[in-house]
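Peer 1: Generate coordinates for the sequence data below:
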Amino acid sequence: MIASLTDRELGHVLAALRAYQQLAGHSADLDGIATDAGTHDPMSPDEIDDLCERLNLTTTARRRPRPRRNLRQEVDRIAVEHLLSETTILRVALDFIQERGLADEYVEYLERRSR
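Peer 2: Numbering: from 1, shown residues only. Presented below is the predicted three-dimensional model:
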């Protein structure tokens, strides 16, 4: 059962899951929380991906659609909301693209957009 979350709460839960996904094994405090002090095994990165997807799918149906934004507006919004630099956001995005093997598709997309 997944609790009903506001957009704001969901954003924080997803951000926390993604942060843990990056830091797992590097923070005893986070590992202790995630495993309930060793009561159960930590989730693998794939399990965290699946959980994030389930959370998004479960809550998307109840959420009102957001107006479309361009990438520049989205980067600015994230930077302000989370007090991150644009460089940090772009590095995370680039890591995501590369980890998922989407680099070639993304380059092709950018080339199509620039025509």
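Peer 1: residue contacts, Tyr21?
Peer 2: No Tyr there; residue 21 is Gln. 45, 48-49 (Cβ atoms under 8 Å, 6 or more residues apart in numbering). In short, each C-beta sits where N, CA and C put it, glycine included.
Peer 1: any idea how far Arg112 lies from Tyr106?
Peer 2: For Arg112, the distance to Tyr106 (Cβ to Cβ, to the nearest Å) stands at 11 Å.
Peer 1: With neighbour numbers in mind, choose between the two.
Peer 2: Tyr106 (14 against 8; other Cβ atoms under 10 Å).
Peer 1: What separation is there between the more buried one and Gln98?
Peer 2: Counting by Cβ to Cβ, the separation of Tyr106 from Gln98 is 9 Å.
Peer 1: cool, Arg8 as well?
Peer 2: Using Cβ to Cβ, Arg8 is found at 29 Å from Gln98.
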